[in-house]
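Participant: this is the structure alone, sequence omitted:
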């Protein structure tokens, strides 16, 4: 750097191996913006388990002993004493001890930059970050991409890419001189307002191809002389396929026969990656990335982040999906993340799962109830930012029609059909958890909706419901705290006999002698009359949250929430449940289920943990 700039360079090296980012942020900033990370820090899920393990090995839990990994400790001990120095910039290579929870890191990193810039009295102080290299750890592709996006979004923050210098088995790769040389080059180029190659390109679609465009003058090649590798494309279903890549000057052109309408491109999306695209001048590698392709509004922007609580049905070889909601941001757990509702109606062939927009509902809507009918579906109620709805819409053979509206607003309830009669039950009705049931005779629409016999017991939000043999079956559901009433979670079921207009209780599904909660799950009827159910939240975790949601409730890893990953079948003739599959991909809440004509069921969308959605479609054949 001195040779290139003529300016003497001094370095203060202040490193603590294995330290997490939260240790390097001043306590006032944490108290203001993320106070929950300071509470029970030795056991809460904001800190990586390895970090907590090391703390436990080093210092006793009792007493007043402190540890460098404690939130804010290293800032106080190692940064505050340096505040009188004039510092031109910071080199920051850290992240291994935060890679377990990328969303927490994405909230912490801006606080870190703010904290240090305030400490050194320079709002524009350069922060040169090093992206994590490569190792066989599953969370690292997502974490590297978060580092890339943060550097792109934050003024004065740069990214030095080192994914080509990693070791598949060692978190301490041996190629350190190259990292230092790239950082020095980054600092020099930044001072000259010419930052390094490495940032993700602009992306656009050209027919069925995807074009990646880099800055003018950039010459691309590969590190091994072979074709560019590790590029992948996906449609809205999120299923990635390998793409063929060709370099054309400062562009890379991607094609993939298996993906008709690409919506997402990713590169180097392996924990230990062999990604090989480099800039020819300095042999600097391209950052690994995952990017949504700008769309022509056929697909609603934001759906790439997954969706939950959609209306959905299957008609022959076509899946139909409408509405739904999500948190369309890379940081859905952030305090300022806001839920978005959608109104598009989409169809996809079951063979390709390429979604195409075919119509729109009058307004965005989610958390309604679906009844599958020949040629389409009926969408009942739901809610959006404006509140709950009374609307009933029919989408059959591509035509959208209004049906008699409900006498009450209705959301988070369930619906099914027995012959020509539609039934809805439970959910919020006129804004209150309800036990009411309503029926609409499709052969006599002029009569409107008729109130039927109420469900016995507690009100039930988000139960599962379907029909078999002229009877309606319902399981699960919850009710929040209401005045003097504590929240309730019901595992058992109810059966409604249409002929007698009577309800009776039926047993809950059980697994290894323990009752299983299907609330937040989904259910459908197979051609032979059996009932298939899947998904749902864990009753104990969910009930604790209903009673008193902990400050860090949203921040746990996916496994902590224990969503139900079992696909189960209920035989109405024997009243017996059977687990027919156990799939991590089925562990969802708010998913929709489709079944029609054969024993294949499809799960569409849903949450894999609170606020985090998926668009992946899972198909299960039930024998």
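Facilitator: The structure has been received and is ready for your questions. Quick caveat, the model's predicted, so the values are computed rather than measured. Numbering: from 1, shown residues only.

Participant: buried sites along stretch 222-231?
Facilitator: 222, 228, 229, 230, 231 (16 or more other Cβ atoms under 10 Å). Heads up, the C-betas are built off the backbone N, CA and C, glycines and all.

Participant: between the two ends of it, what distance do you get?
Facilitator: 13 Å (Cα to Cα, to the nearest Å).

Participant: mean confidence (pLDDT) on that stretch, please.
Facilitator: Averaged across stretch 222-231, the pLDDT comes to 96.

Participant: distance from it to the middle of the chain?
Facilitator: 30 Å (Cα atoms, centre = their mean, to the nearest Å).

Participant: residues in contact with it?
Facilitator: 164, 242-247, 252, 254, 265-270, 273-278, 283, 285 (Cβ atoms under 8 Å, 6 or more residues apart in numbering).

Participant: what do you get if the cut-off is 10 Å, keeping everything else the same?
Facilitator: Contact with stretch 222-231 is made by 164, 210, 212, 220-221, 240, 242-247, 252-256, 265-270, 273-278, 280, 283, 285-286, 288, as judged by Cβ atoms under 10 Å, 6 or more residues apart in numbering.

Participant: can you tell me which of the residues you listed are buried?
Facilitator: Counted by 16+ other Cβ under 10 Å, the contacts of stretch 222-231 give 164, 210, 212, 220, 240, 243, 245, 247, 252-256, 265-270, 273, 275-278, 285-286, 288 as buried.

Participant: which of those fall within helices?
Facilitator: Secondary structure from DSSP state H places none of the buried ones among the contacts of stretch 222-231 in helices.

Participant: show me which residues of the longest helix seen in the chain are buried.
Facilitator: Using DSSP H, we find that the single longest helix of the chain is helix 102-119. Buried residues in helix 102-119, defined by neighbour count with 16+ other Cβ under 10 Å: 102-109, 111-117, 119.

Participant: which SSE is immediately downstream of it?
Facilitator: Using DSSP states H and E, the helix or strand that follows helix 102-119 towards the C-terminus is strand 126-130.

Participant: packing partners for the next helix or strand after that following strand?
Facilitator: The first helix or strand that comes after strand 126-130 along the chain, using DSSP H and E, is helix 140-153. Packing partners of helix 140-153 (3 or more Cβ pairs under 10 Å, 6 or more residues apart in numbering; DSSP states H and E): helix 102-119, strand 126-130, strand 157-160, strand 264-267, strand 289-292.

Participant: low-confidence bits of this structure, can you list those?
Facilitator: 195-196, 294-297 (pLDDT under 70).

Participant: now the buried residues of stretch 222-231 in TSV, with secondary structure and distance to residue 418?
Facilitator: Converted to TSV, these look like this (DSSP: H, G, I helix; E, B strand; the rest coil; distance: Cβ to Cβ, whole Å):
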residue	secondary structure	distance to residue 418
222	strand	62
228	coil	57
229	coil	55
230	coil	52
231	strand	50
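
Participant: from residue 409, how far off is the closest residue to residue 148 other than its chain neighbours?
Facilitator: Of all residues not flanking residue 148 in the chain, residue 287 sits nearest, at 4.9 Å (Cβ to Cβ, 6 or more residues apart in numbering). Plainly put, residue 287 is 48 Å away from residue 409 if you go by Cβ to Cβ, to the nearest Å.

Participant: who's more crowded, the two?
Facilitator: residue 287 (27 against 20; other Cβ atoms under 10 Å).

Participant: which residues does that one contact?
Facilitator: Residue 287 neighbours (Cβ under 10 Å, 6+ apart): 131, 144-145, 147-149, 151-152, 159-163, 197-201, 267-268, 275, 277.

Participant: just give me the neighbour total for residue 281.
Facilitator: 11.

Participant: one more: the one 3 residues further on?
Facilitator: Counted with other Cβ under 10 Å, the burial measure for residue 284 works out to 18 neighbours.

Participant: how near is it to residue 126?
Facilitator: From residue 284 to residue 126 the distance is 18 Å (Cβ to Cβ).

Participant: now swap in residue 261 and tell me
Facilitator: In terms of Cβ to Cβ, residue 261 sits 41 Å off from residue 126.

Participant: residues near residue 393, how many?
Facilitator: Neighbours around residue 393, by other Cβ under 10 Å: 24.

Participant: specify the beta-bridge partners of it.
Facilitator: Using DSSP bridges, the beta-bridge partners of residue 393 come out as residue 379, residue 402.

Participant: shouldn't it be in contact with residue 402?
Facilitator: Yes. Counting by Cβ atoms under 10 Å, residue 393 touches residue 402, with 6.1 Å between them.

Participant: any residues in contact with both of these two?
Facilitator: In contact with both residue 393 and residue 402: residue 362, using Cβ under 10 Å, 6+ apart.

Participant: how about the helices of this structure, start to end?
Facilitator: 2-5, 27-33, 49-58, 73-74, 102-119, 140-153, 177-191, 539-548.

Participant: can I get those in a markdown table with distance to residue 305?
Facilitator: Shown next, in a markdown table, are the helices of the chain (distance: least, Cβ to Cβ, whole Å):
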| stretch | distance to residue 305 |
| --- | --- |
| helix 2-5 | 42 |
| helix 27-33 | 23 |
| helix 49-58 | 27 |
| helix 73-74 | 34 |
| helix 102-119 | 12 |
| helix 140-153 | 13 |
| helix 177-191 | 31 |
| helix 539-548 | 22 |
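
Participant: among these, which comes closest to residue 11?
Facilitator: helix 177-191 (10.5 Å; Cβ to Cβ).

Participant: now the closest one: buried residues?
Facilitator: Buried-residue list, helix 177-191, by 16+ other Cβ under 10 Å: 179, 182, 183, 184, 185, 186, 187, 189, 190.

Participant: now swap in stretch 380-397 and tell me
Facilitator: By 16+ other Cβ under 10 Å, the buried positions in stretch 380-397 come out as 380-384, 388-396.

Participant: tell me the phi and psi of the nearest residue to residue 406 once chain neighbours are set aside?
Facilitator: The shortest distance from residue 406 to any non-neighbouring residue, by Cβ to Cβ, 6+ apart, is to residue 390 (4.4 Å). Reported as degrees, to the nearest 10, the phi and psi values for residue 390 are phi -100, psi 0.

Participant: residue 390 touches residue 381, doesn't it?
Facilitator: Yes. Contact between residue 390 and residue 381 holds when scored by Cβ under 10 Å: they sit 6.9 Å apart.

Participant: from memory residue 101 sits against residue 139, does it?
Facilitator: Yes. Using Cβ under 10 Å, residue 101 makes contact with residue 139 at a distance of 8.3 Å.

Participant: tell me, what's touching the two both at once?
Facilitator: Joint contacts of residue 101 and residue 139 (Cβ under 10 Å, 6+ apart) are residue 557.

Participant: residue contacts, residue 98?
Facilitator: Shown in contact with residue 98 (Cβ under 10 Å, 6+ apart): 19-22, 46-48, 51, 104-106, 108-109, 132, 139, 143, 146.

Participant: swap in residue 138?
Facilitator: Taking Cβ under 10 Å, 6+ apart, we find residue 138 in contact with 99, 270, 271.

Participant: one step back: now do the longest helix of the chain against strand 126-130, angle only.
Facilitator: Interaxial angle, helix 102-119 versus strand 126-130 (axes from the mean of the first three to the mean of the last three Cα atoms, to 10 degrees): 150 degrees.

Participant: just want the angle from helix 102-119 to helix 140-153.
Facilitator: 40 degrees.

Participant: ok, back up a step: could you identify the most distant pair in the buried residues of stretch 222-231?
Facilitator: Between all members of the buried residues of stretch 222-231, the farthest pair (by Cβ to Cβ) comes out as 222 and 231, at 11.8 Å.
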